[in-house]
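In: Sequence first, predicted coordinates after that:
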There are 2 protein chains.
Amino acid sequence: MVTLTRSEEDHLKAVYALLQDGESAFTKDIAARLNTKASSVTDMLKKLAEKGFLKHEPYYGAKLTAKGTAHALTLVRKHRLWETFLVERLSFGWDEVHEVAEQLEHISSPKLVDRLDDYLGNPRFDPHGDPIPDRQGKLRVRKTKRLDTCTTGDTVRIAAVSETTDGLLRLLDSKGLRIGSVLTVQELHAFDGSMDVKPKSGAAFSLSKDVSHHLQVESN
Amino acid sequence: MVTLTRSEEDHLKAVYALLQDGESAFTKDIAARLNTKASSVTDMLKKLAEKGFLKHEPYYGAKLTAKGTAHALTLVRKHRLWETFLVERLSFGWDEVHEVAEQLEHISSPKLVDRLDDYLGNPRFDPHGDPIPDRQGKLRVRKTKRLDTCTTGDTVRIAAVSETTDGLLRLLDSKGLRIGSVLTVQELHAFDGSMDVKPKSGAAFSLSKDVSHHLQVESN
DNA sequence: AATAAATATTAGACGAGACTAATAATCGGA
DNA sequence: TCCGATTATTAGTCTCGTCTAATATTTATT
């Protein structure tokens, strides 16, 4: 059983994050994501290729092997489980857990991860609405995405609300939004992450990032 | 605010563990504890002295400064809180938590530690009966020690039972032991950690390590 | 198609943290 | 007290992961 250093794991995860399909991950993008230089990334890609976690096609980026994908999924699993723990049990805000989870995901103890999973009730999605791989590394995909990941012109139906705070629910209610509502994204405001949406029937209005972030929607 | 690497923290903790009073910690003992070589330890001691965490008197070992002690206590705090979490919440055995806690104690996030402390109900002692430093780094010392740390001839009074399992309580009851019972250690069996004890009134009998480990006693 | 711009790789350096081997200091026994 | 044994330090080397600078390859532009 080959083990990876923290840096190797970081690179592997960056590659995984950049892919999300069969595409290649490019050196400069990995470097940007990790705040390092391209030359450092090249070195790491060679090492990871050596160890069988990915294929490195010089000048054409990297793609993961089955082994690499499997390992990346264990990292994603750990990251998302810890985020869930921090938010649900330790009352962290969903926007302040990332860097701590970034550290926790490198803790190596299969027993710990599985116990944590059970302790949390085997959650399927983390506080951000992203799916948590199961013990076998299977991602239970949800055909939905978060409203804040949609782009102008998308028409979608609200499928779930990932945080059931009174405040949020009342706010949605006041706008006439509920599970099943259909709406179209009219405009995105980059500077604060808010978006203007128009319900199928009725006038358009604005939703803050805090709100759109918690709305799981499916394409209509 | 100076931050320490994992290795620096490990050395600092080793020094702290070897002291427990004003004595010096010696190079070879630190090396033995960390599974490294004496020369590596010397290098680290110099570096830690440089940073003001300890005084290094060449050939005469190291002693902690106030700053060093304070930092070591934050590590001890984290270690014991995580052990408590692992045992009380994730059902780890008290004998299998050490190495995982060894990793977790290096996670750097003051907020995380304090939240975890609250989540666990601000426990005063970890699953091994060792005191957990509070937010200010104060150790709330207990004048008691665990029965399994006693030696032949000690006469002590049972002050507390650190694990309140039905099984353990029934076992103690069947032996006629309860809070306040006074007993003398007659013999220690190194090969299994068991000990023979004699109650003030009554015949001697044997206690396994599993039992003596959970009995907090005070000198009589 | 030629060349400039962007990106990637290679080569060489460096600091951190470990090691081995050589040297120095302290300790303990005759 | 002297000398060997123990322990500590220093000197020099190695690996890892990063960097910068130089070179190579791909891409985009004219």
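Out: Ah, there it is. Numbers count the residues shown, from 1 in each chain, chains lettered A, B, ... in the order given.

In: what sits against the closest residue in space to residue A:215 that isn't next to it in sequence?
Out: Leaving aside its sequence neighbours, residue A:215 sits nearest to residue A:147 (Cβ to Cβ, 6 or more residues apart in numbering or on different chains; 4.0 Å). For the C-beta atoms, the positions are set from N, CA and C on the backbone; glycine is no exception. With contacts defined as Cβ atoms under 8 Å, 6 or more residues apart in numbering or on different chains, residue A:147 is in contact with A:156, A:158, A:185, A:195, A:197, A:207, A:212, A:213, A:215, A:216, A:217.

In: hang on, residue A:156 is in a helix, isn't it?
Out: No - using DSSP: H, G, I helix; E, B strand; the rest coil, the assignment for residue A:156 is strand, not a helix.

In: Contacts only, for the spatially closest residue to it that is not a sequence neighbour.
Out: Leaving aside its sequence neighbours, residue A:156 sits nearest to residue A:217 (Cβ to Cβ, 6+ apart; 3.9 Å). Residue A:217 is in contact with A:144, A:145, A:146, A:147, A:150, A:156, A:157, A:158, A:159, counting by Cβ under 8 Å, 6+ apart.

In: which other residues reach the longest helix seen in chain A?
Out: The single longest helix within chain A, with elements called by DSSP state H, is helix A:66-88. Helix A:66-88 is contacted by residues A:4, A:9, A:12-13, A:15-16, A:48, A:52-54, A:64, A:92-94, A:97-98, A:100-102, A:104-105, A:107, A:113, A:116-117, A:119-120, A:123, A:126-128, A:130-134, A:137, A:139, B:112 when judged by Cβ under 8 Å, 6+ apart.

In: One more: stretch A:11-27?
Out: In contact with stretch A:11-27 (Cβ under 8 Å, 6+ apart) are residues A:4, A:29-30, A:33-34, A:38, A:41-42, A:44-45, A:48, A:53-54, A:57, A:60-64, A:68-69, A:71-73, A:75-76.

In: Just the ones of those residues in helices?
Out: Per DSSP H, the contacts of stretch A:11-27 map to helices at A:29-30, A:33-34, A:38, A:41-42, A:44-45, A:48, A:68-69, A:71-73, A:75-76.

In: Show me which of these are buried.
Out: A:29-30, A:33-34, A:41-42, A:44-45, A:48, A:68-69, A:71-73, A:75-76 (16 or more other Cβ atoms under 10 Å in any protein chain shown).

In: Relative to DNA strand D, which of these is nearest.
Out: Distance to DNA strand D across those (Cβ to the nearest atom of the strand) is lowest for residue A:44, with 5.5 Å.

In: low-scoring stretches of chain A, by residue?
Out: When residues are selected by pLDDT under 70, those of chain A lie in A:21-22, A:142, A:220.

In: Let's see that with 80 instead.
Out: For chain A, the stretches with pLDDT under 80 are A:1, A:21-23, A:94-95, A:128-129, A:140-143, A:162-166, A:179-180, A:219-220.

In: Show me what from it comes close to chain B.
Out: Contact residues (Cβ under 8 Å from any Cβ of the partner chain) of chain A with chain B: A:86, A:89-92, A:99-100, A:103-104, A:107-109, A:111-112, A:115-116, A:119.

In: go with 6 Å
Out: Contact residues, chain A versus chain B (Cβ under 6 Å from any Cβ of the partner chain): A:90, A:100, A:103, A:107, A:109, A:112, A:115, A:119.
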